[in-house]
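Asker: any chance you can model this:
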Amino acid sequence: MAAHLGRFFAIKFRAGVLYRIFDRTGDRAALKECLKTYRAAREAWAGIGARTKGVYMADITVGETRQLRGHWADRPGRRRPLDRPQRPRVAGRHAPPARFKPGSALALEFAVEKDYASVRLHYPVT
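Answerer: Model prediction:
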């Protein structure tokens, strides 16, 4: 298990370095390789879970505090960071602007159909 853990953390560390390269330089090739490497790390972790199924108890404490518990296989079942997040839908209307100038501020209008305390806009960064 120690060798498999070492492999997982080595791959994950490489993904982190690649992301930092992208973050500092904007190099999209580094980001693409980062995502590929991160997925390989997830597969390595899933392999650990598969190898330990039936070997370890289903719920063991794995650290100093009581909430650090479970089984190796528990982590891959959680929401993946690369998945699209599940966000609540907001009832409202929006008419996209007719045009915009890249690099300039863009005014958006959204008319809600309910009384919300706040609304947060999520948009993809390209």
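Asker: any idea how far the residue nearest to residue 61 when sequence neighbours are not counted is from residue 4?
Answerer: If you skip the residues right next to it in sequence, residue 61 has residue 69 as its closest partner in space, 4.7 Å away by Cβ to Cβ, 6 or more residues apart in numbering. The way it works is simple: take the backbone N, C-alpha and C, and place the C-beta from them, glycine included. Distance, residue 69 to residue 4, by Cβ to Cβ, to the nearest Å: 20 Å.
Asker: those two: which is more packed in?
Answerer: Ranked by neighbour count (other Cβ atoms under 10 Å), residue 69 and residue 4 place residue 4 first, with 15 against 12.
Asker: in this model residue 51 seems to touch that one, though I could be wrong.
Answerer: Yes. Taking contacts as Cβ atoms under 8 Å, residue 4 lies within contact range of residue 51: 6.9 Å.
Asker: still on that earlier bit, pLDDT wise, what is the residue nearest to residue 61 at?
Answerer: Looking at residue 69, its pLDDT is 74.
Asker: ok, now residue 29?
Answerer: 96.
Asker: what about it, which SS state?
Answerer: helix (DSSP: H, G, I helix; E, B strand; the rest coil).
Asker: look up how far residue 93 lies from it.
Answerer: Counting by Cβ to Cβ, the separation of residue 29 from residue 93 is 40 Å.
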